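**Q** Dropping a prediction and its sequence here:
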2 protein chains.
Amino acid sequence: MEKKIYDESKIKNSLNHIKHKIIVLSGKGGVGKSTVSANLSLLLSQQGYEVGLLDGDMHGPSIPKILGVEDKRPEATELGITPVFALPKLKVMSMAFLLQDRDSPVIWRGPLKMSAIKQFIGDVSWGNLDYLIVDLPPGTGDATLNVAQLIPDCDGAVIVTTPQDVALVSVRKSINFVKKMNIPVIGIIENMSGFKCPHCGKTIDIFKTGGGKKASSDFNIPFLGNVPIDPEVVITGDSGEPFVIKNAKSHTAKAFADIAKNIEKIVNKK
Amino acid sequence: MEKKIYDESKIKNSLNHIKHKIIVLSGKGGVGKSTVSANLSLLLSQQGYEVGLLDGDMHGPSIPKILGVEDKRPEATELGITPVFALPKLKVMSMAFLLQDRDSPVIWRGPLKMSAIKQFIGDVSWGNLDYLIVDLPPGTGDATLNVAQLIPDCDGAVIVTTPQDVALVSVRKSINFVKKMNIPVIGIIENMSGFKCPHCGKTIDIFKTGGGKKASSDFNIPFLGNVPIDPEVVITGDSGEPFVIKNAKSHTAKAFADIAKNIEKIVNKK
């Protein structure tokens, strides 16, 4: 029991000097949740905010690779673990930094995992932040619940989806999940929304389009915007170059920027 | 302890009359694992085999929607639960059939989940099957481990990936995962591999290409084939029409057929 109180007060202290805490989730994996989290964090930090990005995916942490910091390591100081700097105003923490072997799966069972997550979140020394973006594990299972429960006084949740129906079933799950946790929904982002052929310029809705907007009106939650498919997102995600900086003038980067502004507005209104 | 023996003998009995058991996994979600499982099952059943498809994703079961049987329900008989028929030779079992409210997330904790999974697998009366395809939960975490451990004498694992590097990190995890479980790797499938613009006919590697083949040679495991991106896969997946039957002559359906043949060959050689 004493151990529990210790853990929670430690987490509270670690997250104490953060103005806004936002969780990013998706009802299923592979919808681009980490790409969205990384690019929104980049944009907020570019606007002059102090931003922290917590990669909460214990099994498939991909944020360090997307931001090109996978070879960096956090430093352990007396105050706790100092996150890795991806940009002067963007700090990152990820389980990937703590894995010795990148190719090994982290297969850990319930109780062990829970204590690892608590330590992972509680021991990080974020310092003063305007925004902490928490990239949750994909889905609405145990892993997501475990991490989401440890972020106290969360401003709200951003839900990422792809446009098609099969993926939208999982959006409804995400909405119910955050409602059950009494976390407000900031809004929904439709990723991989339409594709413009670079050869002929015509648009093809590879994964359909409009599903995110429909879900937002069905559930009466804000729609934050569409992000079009862009092969450059994949290329920069692999090479570790920040997409919204490298391709700042692209249609997709502008879509990300609009979404970041929408989130800023909603969070600061409260 | 007695309970445990009972559970496992029940599962063994339930899976006793199955010639080949194949698990399908991916290191991360959203790579099309369920789409691949569904279409390979359809193709095998079309070739005259008796096929069962177990949707092992307890949190985001999508197989019933992909196969257009989401309004059907399995019947409980004295012999156990009779799976739903998607085609005369294709039986399907999914947690989606047992969820009252499709929009609700299944948030269940470790021990409760384990007993639900055991019951779910042990109580199904599959009858005589040539193939049981098990669509595992995405990723290499607890959920995947829980289901994979309950499939005894598995012929092997099919690993599904998308072409880009970030996804391939998770392939390596999948390979290590099945190796740790002493399950042979049947091979690797590269999904969403290149896209042909329907307007100008040119090919664009939206998610890059060739990563699956590279991983197969790096790890010395068979490469089962590429599946090109096809908006029809998404459309039929949402409408519940079997893609490989409705679009049998498409390039993507032919790719699926080649992969099914490769799997058949490898499994029957043993």
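**A** Received, thanks. Numbers count the residues shown, from 1 in each chain, chains lettered A, B, ... in the order given.

**Q** Closest residue of chain A to chain B?
**A** Residue nearest to chain B within chain A (C-beta to the nearest C-beta): A:Gly30, separated by 1.2 Å. (C-beta placed from N, C-alpha, C; glycine too.)

**Q** which SS class is that residue?
**A** Put simply, A:Gly30 is coil when judged by DSSP: H, G, I helix; E, B strand; the rest coil.

**Q** what number of residues lie near the nearest residue to it once chain neighbours are set aside?
**A** Nearest non-adjacent residue to A:Gly30, counting by C-beta to C-beta, 6 or more residues apart in numbering or on different chains: B:Gly30, 1.2 Å away. Using other C-beta atoms under 10 Å in any protein chain shown, B:Gly30 has 23 other residues around it.

**Q** Surely B:Gly30 is in contact with B:Pro138?
**A** Yes: contact criterion C-beta atoms under 8 Å: B:Gly30 and B:Pro138 qualify, at 7.3 Å.

**Q** shared neighbours, these two?
**A** Counting by C-beta atoms under 8 Å, 6 or more residues apart in numbering or on different chains, the contacts common to B:Gly30 and B:Pro138 are A:Lys28, A:Gly29, A:Gly30, A:Pro138.

**Q** Got phi/psi on the first one?
**A** It refers to A:Lys28. Here is the backbone geometry of A:Lys28 (degrees, to the nearest 10): phi -140, psi 170.

**Q** tell me the SS of the residue sitting furthest away from the middle of chain A?
**A** Distance from the C-alpha centroid of chain A peaks at A:Cys200, with 33.6 Å (C-alpha atoms, centre = their mean). Look at A:Cys200: counting by three-state DSSP, its state is coil.

**Q** Let me see the contact set for it.
**A** B:Cys197, B:His199, B:Cys200, B:Lys202.

**Q** can you map out the strands along the stretch 101-250 of chain A?
**A** Secondary structure of the stretch 101-250 of chain A by DSSP state E, counting those that start in this stretch: the strands cover A:129-135, A:156-161, A:185-190, A:195-196, A:203-204, A:223-226.

**Q** and those strands, which is most packed in?
**A** strand A:156-161 (a mean of 27; mean count of other C-beta atoms under 10 Å in any protein chain shown).

**Q** With distance to chain B as extra columns, can I get the strands of the stretch 101-250 of chain A in CSV?
**A** Formatted as CSV, those follow (distance: least, C-beta to the nearest C-beta, whole Å):
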stretch, distance to chain B
strand A:129-135, 13
strand A:156-161, 11
strand A:185-190, 14
strand A:195-196, 7
strand A:203-204, 6
strand A:223-226, 16
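
**Q** Contacts only, for A:Asp57.
**A** Counting by C-beta under 8 Å, 6+ apart, A:Asp57 has contacts A:Ser34, A:Ile63, A:Met95, A:Asp135, A:Leu136, A:Pro137, A:Pro138, A:Ala143.

**Q** how about those residues, which pair is most distant?
**A** Distance extremes for those: the farthest pair is A:Ile63 and A:Ala143 at 15.6 Å, using C-beta to C-beta.

**Q** So those two - more neighbours on which side?
**A** Counting neighbours by other C-beta under 10 Å for A:Ile63 and for A:Ala143 shows that A:Ile63 has the greater number, 28 against 23.

**Q** thought that one was touching A:Gly52?
**A** No: contact status for A:Ile63 versus A:Gly52: not in contact, 11.5 Å apart, counting by C-beta under 8 Å.

**Q** Mutual contacts of the two, please.
**A** Joint contacts of A:Ile63 and A:Gly52 (C-beta under 8 Å, 6+ apart) are A:Val92.

**Q** Mind putting the strands of the stretch 101-250 of chain A into JSON lines with mean pLDDT?
**A** Below are the strands of the stretch 101-250 of chain A laid out as JSON lines (pLDDT from 0 to 100):
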{"stretch": "strand A:129-135", "mean pLDDT": "97"}
{"stretch": "strand A:156-161", "mean pLDDT": "97"}
{"stretch": "strand A:185-190", "mean pLDDT": "97"}
{"stretch": "strand A:195-196", "mean pLDDT": "93"}
{"stretch": "strand A:203-204", "mean pLDDT": "94"}
{"stretch": "strand A:223-226", "mean pLDDT": "97"}
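
**Q** Same list, these, but as a markdown table with distance to B:Ile117 please.
**A** Shown next, in a markdown table, are the strands of the stretch 101-250 of chain A (distance: least, C-beta to C-beta, whole Å):
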| stretch | distance to B:Ile117 |
| --- | --- |
| strand A:129-135 | 27 |
| strand A:156-161 | 27 |
| strand A:185-190 | 30 |
| strand A:195-196 | 38 |
| strand A:203-204 | 39 |
| strand A:223-226 | 36 |
